[in-house]
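**Q** Structure for the following, please:
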Amino acid sequence: LRSGLELDVLEAVLEVRQDQVEEARRNIAAVKASQRVVEERKKHYEHLIEVGLITQEEKQLQLLQLSREMQEHAEWSEKFASTMAAIPNVSIGGAVNIPGPGGSVSFGSGFGGSNLSAIYSAEARGRYTVAKALEYHANRMSIDAGHSRRAEDWNFQSQLAEREIEQMEKQIATAEIRGAIAEKERENQRLQIKNAQQVHEWMQRKYTNQELYEWMHGQLRSLYYQSYNLAYDMAKRAERCFRHELGITDPAPIIEYGNWDNQRQGLLAAERLQGQLEKLEATYIENNRRELELRKHISLSLLDPVALLAFRETGVCFFSLPEALFDLELPGHYLRRLKSVSLSIPAVTGPYTNISVTLTMQSSWIRRQANSGDLEME
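**A** Here you go, the predicted model:
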């Protein structure tokens, strides 16, 4: 049974090992997928760094440059025109007579506030040109700064991607180690199952197999029951001796019957019997008190001469000691019990001569109560 249960447990553990192997494989696949994502992100940032400005940004810079050039040409043209307007008009006094109808043509020049206004207007437009140039350079620097910031961010993201790739590689190595360990544990589990299967088969084939233990169980149960009955009989004899020696008249038994339970195959029967024996001993100690002891010499020739003659002739005789024999000396006594009997034969024999006699008590009676009419046979 134990080997069979161990085999079942090993089979269950093998399923767990297989799940662990599958888990390790899935972890490796997940880490590799994460690695591919990071590699793609790294390639993307490296491509951005390599390309630099995109086409739209380059066209934007070109258009800004052309716009600036056109503004400069326009501003300087306006400034030149305004400056030329500040030159005073010089009039050469005179007239040219044209013969014919029409008369004559005259010319002249003048200088005043309009000329000064044109000069200041040209200067203002020059300052406007400088402001436009500063605005252009600011926009250009903003674009360059944005590109630099993006380049720094791309470099940073690329470095982070490299670190993540290194981390992924370490995780892959760790997952592969766990997968190898799971594979090894699965192989070890299979080896344990194989060994357990061999042990289980050997346990089934060995001499001390289940059939033998069942046979031994039946034999031991029978021996245990016989031993219990023997112990129970000896205990009942001890109880009878206890009652005889102490004169116990209580009919309730101390050694009880029924300690053996067939449904439980006699479990705890010996313990219950042991407890009853201890109770018997305790009761004996409690009730053991010193009683009167009487010694009486009886002559067989006076008690039963016929029996003595038969003994001399045949070597065998039967005689009884009646209650009246004791009542003549000690009337009213009851619960008389023989403690010991000794036999003496007056005879003259030679040295080293034995007289062998066997004295056997075949039956006895006892009076339990002083006023009882009948004797109780033991």
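
**Q** Give me the contacts around stretch 7-20.
**A** With C-beta atoms under 8 Å, 6 or more residues apart in numbering as the test, stretch 7-20 has contacts from 182, 185, 186, 189, 190, 192, 193, 196, 197, 200. C-beta here means a position set from N, CA and C on the backbone, and glycine is covered the same way.

**Q** from the chain's centre, how far out does it sit?
**A** 16 Å (C-alpha atoms, centre = their mean, to the nearest Å).

**Q** I'd like the distance between residue 157 and residue 44.
**A** 9 Å (C-beta to C-beta, to the nearest Å).

**Q** Please apply the same query to residue 27.
**A** To residue 44, residue 27 is 26 Å away according to C-beta to C-beta.

**Q** repeat for residue 166
**A** With the distance defined as C-beta to C-beta, residue 166 ends up 18 Å from residue 44.

**Q** more neighbours, those two?
**A** Counting neighbours by other C-beta atoms under 10 Å for residue 166 and for residue 44 shows that residue 44 has the greater number, 14 against 11.

**Q** Tell me how far that one lies from residue 172.
**A** Distance from residue 44 to residue 172, by C-beta to C-beta: 22 Å.

**Q** Equivalent analysis for residue 20, please.
**A** As judged by C-beta to C-beta, residue 20 and residue 172 stand 18 Å apart.

**Q** Equivalent analysis for residue 297, please.
**A** 114 Å.

**Q** Neighbour count for the two, which is higher?
**A** Counted by other C-beta under 10 Å, residue 297 and residue 172 do not tie: residue 172 has more neighbours, with 16 against 6.

**Q** Narrow the contacts of stretch 7-20 to those in helices?
**A** 182, 185, 186, 189, 190, 192, 193, 196, 197, 200 (DSSP state H).

**Q** any chance of the residues you listed in TSV, plus pLDDT?
**A** Output for the ones in helices among the contacts of stretch 7-20, formatted as TSV (pLDDT from 0 to 100):
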residue	pLDDT
182	78
185	79
186	80
189	77
190	82
192	79
193	80
196	79
197	82
200	75
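
**Q** are any of these buried, and which?
**A** 182, 185, 186, 189, 192, 193, 196, 200 (16 or more other C-beta atoms under 10 Å).

**Q** Could you measure from the third one over to residue 25?
**A** Separation of residue 186 from residue 25 (C-beta to C-beta) stands at 12 Å.

**Q** Report the residue spans of the stretch 51-200 of the chain with pLDDT below the cut-off.
**A** Along the stretch 51-200 of the chain, the parts satisfying pLDDT under 70 run over 52-128, 130-131, 133-135, 137-138, 141-142, 145, 149.

**Q** export stretch 291-307 as PDB, just CAs?
**A** Taking C-alpha atoms only, stretch 291-307 is exported to PDB below (Å, rounded to 0.1, in the frame of the first residue of the first chain):
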ATOM      1  CA  GLU A 291      -7.500 -13.500  60.700                       C
ATOM      2  CA  LEU A 292      -7.400 -16.100  63.500                       C
ATOM      3  CA  GLU A 293      -5.200 -19.100  62.600                       C
ATOM      4  CA  LEU A 294      -6.000 -22.400  64.400                       C
ATOM      5  CA  ARG A 295      -3.900 -25.600  64.500                       C
ATOM      6  CA  LYS A 296      -5.500 -28.900  65.300                       C
ATOM      7  CA  HIS A 297      -3.900 -32.300  65.600                       C
ATOM      8  CA  ILE A 298      -6.100 -35.200  64.400                       C
ATOM      9  CA  SER A 299      -5.400 -38.900  65.000                       C
ATOM     10  CA  LEU A 300      -6.600 -41.100  62.100                       C
ATOM     11  CA  SER A 301      -6.800 -44.100  64.500                       C
ATOM     12  CA  LEU A 302      -9.300 -42.200  66.600                       C
ATOM     13  CA  LEU A 303     -11.100 -40.500  63.700                       C
ATOM     14  CA  ASP A 304     -11.500 -43.400  61.400                       C
ATOM     15  CA  PRO A 305      -9.900 -46.700  62.500                       C
ATOM     16  CA  VAL A 306     -11.300 -48.600  59.500                       C
ATOM     17  CA  ALA A 307      -9.500 -46.200  57.100                       C
END
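
**Q** Since that was my last question, I'll sign off now.
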